[in-house]
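Trainee: Here is my input, please return the structure:
(one chain, ligands or ions: 1)
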Amino acid sequence: MNSRRSKGSSSASSAAAAAAAAAASAESERRAREIRDLQSAEESNKRCFDCGQRGPTYVNVTVGSFVCTRCSGTLRGLNPPHRIKSLSMSSFTADEVAMMRGRGNAWARKVYLGLYDSNRAAFDLKDAEGVRDFMIEKYEKRRYYVDPSTIVHTPAATTNGSSSAAASNSSSSFQKSSSTTTNLIGATLNARLASSSSSSAAVASSNNPSTPAAGPLGVALPQPPSSSISRYGG
Ligand SMILES: [Zn+2]
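Mentor: Here you go, the predicted structure:
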């Protein structure tokens, strides 16, 4: 009892003494917490954007996505390298928090996999080589890339009841920028949809000669090992 009481008063005085130093790290901690809140606010952020593994532990601040440990290493090795930050160890800038507020894995899918045809044969995302090949298609060649100004995206953070005062404080500046984005979207979406659907069909047919289809009569087509393959769009 005694020791608990004296510990309480001494920690109060030391907290006062350290207040100035703590202010900076409190701000940094607040930003890190907001990034984690953004992750838990949206179901798609709970899986690695690049391979689908549960429980991403890194943020890809180049893309604005949440990724797993393995993919974070691969992303750092791309050309040009992506900038990766640990969810638990890193400090985030205000700009990075603002970016993540408007992005996340659902956004990244619409942009970096916007032209990806989910019906085409999937890359084997359990195989490190396959994941890397797919990243090169996605990021270096930008094969499925769609201009972000042409997509419709509503971050979960805007509708989710905010868990902290800090998050709701900063949401007003976000809503301002989000409404300008929305205006842009309406203007160009229809034209974009028309062109993207035709080009994604072209990508699919040129890259996927082995689309499962009716084979020659009487010949059984080999079945893909679907149990070992995860697929985007599923
Ligand atoms: Zn991953």
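
Trainee: Quick check: the gap between Lys138 and Cys51.
Mentor: 12 Å (C-beta to C-beta, to the nearest Å). Using the backbone N, CA and C atoms, a C-beta is placed for each residue, glycine as well.

Trainee: now do Glu137
Mentor: In terms of C-beta to C-beta, Glu137 sits 14 Å off from Cys51.

Trainee: Tell me which of the two has more neighbours.
Mentor: Cys51 (22 against 18; other C-beta atoms under 10 Å).

Trainee: Which of the three states applies to that one?
Mentor: coil (DSSP: H, G, I helix; E, B strand; the rest coil).

Trainee: buried stuff in stretch 82-93?
Mentor: Applying a neighbour-count criterion of 16 or more other C-beta atoms under 10 Å, one finds 82, 84-85, 87, 90, 92 buried in stretch 82-93.

Trainee: and the strand or helix carrying Asp37, what does it pack onto?
Mentor: In this assignment (DSSP states H and E), Asp37 forms part of helix 19-41. Applying 3 or more C-beta pairs under 8 Å, 6 or more residues apart in numbering; DSSP states H and E, one finds that helix 19-41 contacts helix 94-102, helix 156-159, helix 165-207.

Trainee: Would the next helix or strand after it count as contacting the ion?
Mentor: The element immediately downstream of helix 19-41 (helix or strand, assigned by DSSP H and E) is strand 58-60. No: using C-beta under 5 Å from the ion, strand 58-60 never reaches the ion; the gap is at least 8.9 Å.

Trainee: picking that back up, pLDDT-wise, what's the bottom of the buried residues of stretch 82-93?
Mentor: pLDDT is lowest at Ser90 among the buried residues of stretch 82-93; the value there is 89.

Trainee: And that residue, how far from Ile151?
Mentor: The value you get for Ser90 to Ile151, if C-beta to C-beta is used, is 27 Å.

Trainee: Repeat that for Glu43.
Mentor: For Glu43, the distance to Ile151 - C-beta to C-beta - is 19 Å.

Trainee: just Glu140 next, same as before
Mentor: Distance from Glu140 to Ile151, by C-beta to C-beta: 21 Å.

Trainee: Looking at the two, which has the bigger crowd around it?
Mentor: Ile151 (18 against 11).

Trainee: does the closest residue to the more buried one other than its chain neighbours belong to a helix or a strand, and which?
Mentor: Once flanking residues are discounted, Ile151 sits nearest to Lys110: 4.4 Å by C-beta to C-beta, 6 or more residues apart in numbering. Using DSSP H and E, Lys110 maps to helix 105-112.
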